[in-house]
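>>> Build the 3D model from these lines:
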Amino acid sequence: MNTVLKLFILVVFGQYCASERATRWCVTNEEEEIKCNFMKLQMKTALENDQTLSDQLPEDFQCIRRYDQ
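So this is what the prediction gives:
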């Protein structure tokens with residue numbers, strides 16, 4: 001795949017992640033993905049236990065993995 005096409009794909013995917021910030025968190029490596037999924041689990045547990053948090057996640061929140069390399 002040539003460099004221009006790779007760059008185009010990254011820009012399009014980056015725009016997708018940036019425009020959907022409310023329901024998606026873009027991660028670039030396994031460590032960030034683990035943190036994202038842990039945060040998602042903590043929020044879900046708090047909601048199930050009827051705890052109100054200042055930073056509520058939408059129900060359809062997703063951790064999206066970006067492959068820039």
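
>>> now for the longest helix along the chain, which elements pack on it?
Assignment by DSSP state H gives helix 30-48 as the longest helix of the chain. For helix 30-48, the packing partners by 3 or more CB pairs under 8 Å, 6 or more residues apart in numbering; DSSP states H and E come out as strand 24-27, strand 62-65. Placement of C-beta: from N, CA and C, glycine included.

>>> Show me what the last one is packed against.
Strand 62-65 sits against strand 24-27, helix 30-48, with contacts defined as 3+ CB pairs under 8 Å, 6+ apart.

>>> rank these by pLDDT, which is bottom?
Ranked by mean pLDDT, those bottom out at strand 24-27, which scores a mean of 76.

>>> That one: partners in the sheet, and parallel or antiparallel?
strand 62-65 (parallel) (DSSP bridges).

>>> Which positions in the partner strand come out as buried?
residue 63 (16 or more other CB atoms under 10 Å).
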